[in-house]
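> Build me a model from this:
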Amino acid sequence: MSELVTPERLREFFAPRSLAVVGASDTSAWAQFIAASCAATGFSGSLIPVHPKHETVFGRPAVRSLRDLAEPVDMAFIMVPTHAVADVIEDAGAAGVRNAIVLAGGYHEAGPEGQAAQARLVEQAARHGIVLLGPNCLGFLNAHAHAGPFALTVPLPLRAGPVGLALQSGALASVMLAFARARAIGVSTVVSLGNESMIGTADVLDYLVADEQTRVICLFLEEIREPDRFARAAEAAGRAGKPIVALKAGASAVGQASALAHTGSIAGDDAVVDAVFLRYNVIRVTSIEELIGTAGLLGYDRWPGGRRMGVVTASGGACGIIADRASAQGIQIPPFAASTVEAIKAHLPSFAVAANPLDVTGYMLANARTEALSAVDLALDATLADPGLDFVLFNGLTLPDGRPPDEGAASRLEERARWLGERIVSSPIPIISMGSTCVDVSAYGRELLGANDIHLLGGFEAGVQALGNALRWLENRSVAAAPTLLAGGASHVGPGSGGPWSEAAARDLVGGCGVPLVPAELVTSADEAVRAAERIGLPVALKVCSAQITHKSDIGGVALGLDSEAQVREAYLRVRAAGEAVPGAVVDGVLVTAMRSGGVELLAGVTVDRTFGPVLAVGLGGVWTELLADTSLRLLPVTPDEVKRMLGELRGAPLLRGARGTRPADLDALAGVIASVCDAAASLDGSLRALEVNPLWVDGDRIEALDVLVVTGPQERKGAGS
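Below is the predicted model of the structure:
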């Protein structure tokens with residue numbers, strides 16, 4: 001229904017000036033919620049109850065049907081039972097109502113019959129030119145447009161602000177609004193997506209990207225239903241400089257990738273979501289607190305230009321906690337410049353140390369204060385000109401539960417807040433204010449912060465985590481755009497009707513795309529095996545070659561370290577017999593390959609996620625694949641530079657740099673080889689199920705594929721990464 005759900009139409013949809021509530025009654029909790037939500041947002045338009053039996057609802061005159069409206073309303077909130085929804089849509093169409101929200105469930109979530117009913121509902125609404133949110137939906141809030149067709153509790157007061165929220169859950173919207181209120185964080189538009197029959201996640205993303213009142217976008221996702229459109233919307237958000245922060249629930253075990261490959265178990269659904277979010281620079285969080293806290297930082301505070309942080313507190317313990325948390329996030333706390341140290345010393349007691357992180361000590365509390373600014377404020381001011389800092393974390397503003405009863409103390413606090421707000425604006429580097437714990441901000445505190453445009457991060461743990469999230473988003477902006485496709489070879493068609501390939505055929509595929517292979521020959525007799533071993537050079541390995549046998553070692557189809565003619569002859573007969581004993585197996589012969597020792601064994605595999613398409617997994621391979629589970633994932637396509645970043649993310653990366661006596665790997669060459677593995681996967685187009693090189697042996701500048709697995713199947717559509 002893209003012809004109806006346009007950005008222009010959504011701007012109209014999310015800012016209605018008149019609202020009809022169909023099915024409203026004095027005893028309906030849903031109707032009570034909507035009336036309260038409209039009041040919370042300051043809605044000043046017409047709010048018309050619609051009910052066939054009631055003359056008035058909530059003291060307002062009611063009409064019997066939408067057809068009885070004196071003029072069309074901008075929106076109808078439909079609260080009738082499922083069986084009556086279709087009749088109301090007909091009424092809406094006849095009345096000229098262009099937008100509707102459907103509360104009732106029992107549609108797509110209710111199985112095949114409900115799915116068919118939802119399809120009919122969408123077709124019916126589209127026929128009348130009605131844009132539909134839902135069904136199974138609680139509505140939305142638009143704090144800036146003062147619109148509140150929202151059938152759930154709105155924690156008061158509702159503060160308009162820079163954070164937009166889209167949720168694939170209705171009830172969590174109130175929870176998130178409550179936490180945002182508790183942390184003095186304002187919202188722009190909050191949308192419960194329901195079943196996404198017409199307006200989906202990507203549509204709301206597009207709307208929030210274009211919305212001038214939204215600076216940062218929060219998502220609660222249970223699934224990503226339209227991966228291509230989600231990807232395009234996320235890219236648009238990146239271009240617009242609007243961070244997306246996502247809480248994705250529902251980690252499942254394994255995606256659709258073939259279980260024949262190790263890559264299939266590595267690239268589980270949730271691991272692929274991580275790769276998707278990394279590709280499109282979506283900040284993934286694990287809690288509501290982290291979601292809203294990160295959004296608050298990015299929505300209100302100036303963004304740091306780097307990771308060098310100054311810290312100003314009035315507590316030595318706070319210095320230690322912040323330093324530990326910063327280290328975990330890769331945030332640097334460099335020494336102050338000499339000029340900064342001298343400037344700070346003027347405001348400290350003689351026993352205090354002017355170092356970063358800075359503890360101004362509690363000495364200032366020993367004497368009654370007469371000036372508004374304290375030592376911690378003056379020390380903050382002294383740090384702002386430090387040439388070695390990118391931003392300053394200020395843990396010096398404590399908010400009371402209410403306005404201090406002493407007028408002098410209250411005046412000093414309010415003057416301090418005014419000074420801090422002005423200094424935040426004028427400072428040459430960002431000042432990030434942080435509370436010591438993540439407690440609710442009092443009504444007086446919200447008033448004080450709001451009046452001076454100050455945002456207060458919620459505690460050391462959550463606050464520094466939010467800082468780490470923000471810095472990663474800022475650093476990834478330049479690399480998050482989808483890379484250019486790597487140049488792949490000609491399209492290949494798998495042997496037979498699909499399924500696993502023989503290793504000889506798999507080697508031919510990857511070798512033809514530029515992947516260096518360990519020397520090997522396919523032989524069909526013991527004499528040929530001996531001659532091949534002589535050409536390759538002893539010692540050698542022998543492996544049975546059959547498309548039907550993917551785990552060769554499990555059936556005794558592999559022999560290693562053969563260093564004599566007799567051993568080669570005996571091994572040939574043994575591994576071939578093991579293969580021929582497998583029911584249904586067609587044995588092509590035996591591969592004679594060179595043995596390799598030393599170096600590092602990696603895995604480089606591509607598997608196909610059911611939603612997002614081909615995914616590259618790179619990690620430690622060989623015997624370490626399942627034991628260490630040390631892997632990095634990306635959606636295809638990838639560039640060699642991105643592959644190098646993946647290699648650097650591995651816990652085993654020091655092995656590639658020469659730890660434990662290994663030769664440093666040629667990372668440029670290695671990244672190029674892995675890119676060629678991706679080219680081989682791309683050449684299979686929609687028939688790819690899994691392609692895995694494991695081990696991929698690396699010893700300095702020597703790189704070889706020791707074992708190759710390819711699995712194909714019927715052609716399928718491409719995913720979002722295509």
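
> residue contacts, residue 289?
179, 438, 458, 462 (C-beta atoms under 8 Å, 6 or more residues apart in numbering). Using the backbone N, CA and C atoms, a C-beta is placed for each residue, glycine as well.

> can we see that at 7 Å?
The neighbourhood of residue 289, defined by C-beta atoms under 7 Å, 6 or more residues apart in numbering, consists of 179, 438, 462.

> tell me the SS of it?
The three-state assignment at residue 289 reads helix, by DSSP: H, G, I helix; E, B strand; the rest coil.

> quick one: it and residue 193, what's the gap?
From residue 289 across to residue 193, the span is 22 Å (C-beta to C-beta, to the nearest Å).

> same check, this time on residue 161
Residue 161 sits 21 Å away from residue 193 when distances are taken as C-beta to C-beta.

> Kindly report the same for residue 121.
16 Å.

> who's more crowded, those two?
Counted by other C-beta atoms under 10 Å, residue 121 and residue 193 do not tie: residue 193 has more neighbours, with 27 against 24.

> pLDDT (mean, whole number) over the longest strand seen in the chain?
Looking across the chain with DSSP state E, the single longest strand is strand 688-699. Taken as a whole, strand 688-699 has a mean pLDDT of 94.

> In contact with residue 28, which residues are there?
By C-beta under 7 Å, 6+ apart, the neighbours of residue 28 are residue 79.

> Quickly list what residue 562 is bridged to.
Under the criterion DSSP bridges, residue 562 forms beta bridges with residue 540.

> before we move on, back to that, if we go by neighbour counts, what in the next helix or strand after the longest strand of the chain is buried?
Per DSSP states H and E, the first helix or strand lying C-terminal to strand 688-699 is strand 702-705. Buried residues in strand 702-705, counting neighbours by 16 or more other C-beta atoms under 10 Å, are found at 703-705.

> quick one: the strands in the stretch 451-600 of the chain?
Residue ranges of the strands in the stretch 451-600 of the chain, as given by DSSP state E, counting those that start in this stretch, are 456-457, 499-500, 520-523, 540-545, 558-562, 589-594, 600-609.

> scratch that, the stretch 301-450 of the chain is what I was asking about
309-313, 358-359, 391-395, 431-434.

> Nearest approach to residue 43 belongs to which of these?
Nearest to residue 43 among the strands of the stretch 301-450 of the chain is strand 431-434; the distance by C-beta to C-beta comes to 33.0 Å.

> Counting neighbours, what do you get for residue 156?
With other C-beta under 10 Å as criterion, residue 156 counts 11.

> quick one, phi/psi of it?
Here is the backbone geometry of residue 156 (degrees, to the nearest 10): phi -100, psi 150.

> cool, residue 244 as well?
Residue torsions, per degrees, to the nearest 10, at residue 244 are phi -110, psi 130.

> Quick one: residues contacting it.
Counting by C-beta under 7 Å, 6+ apart, residue 244 has contacts 217, 219, 234, 237, 282-283.

> out of the residues you listed, which is most surrounded?
Result: residue 217 is most packed of the contacts of residue 244 (other C-beta under 10 Å), 31 neighbours.

> any idea which element that residue lies in?
strand 216-221.

> that's a strand at residue 293, yeah?
No: looking at residue 293 with three-state DSSP, it is helix, so not inside a strand.

> Distance of it relative to residue 557?
For residue 293, the distance to residue 557 - C-beta to C-beta - is 55 Å.

> Residue ranges in the stretch 51-200 of the chain under the pLDDT threshold?
Within the stretch 51-200 of the chain, no stretch has pLDDT under 70.

> at 90 what do you get?
58, 108-110, 169-171 (pLDDT under 90).

> And the strands in it?
56-57, 60-61, 75-78, 99-102, 131-133, 140-142, 160-167, 187-192.

> Much appreciated, bye for now.
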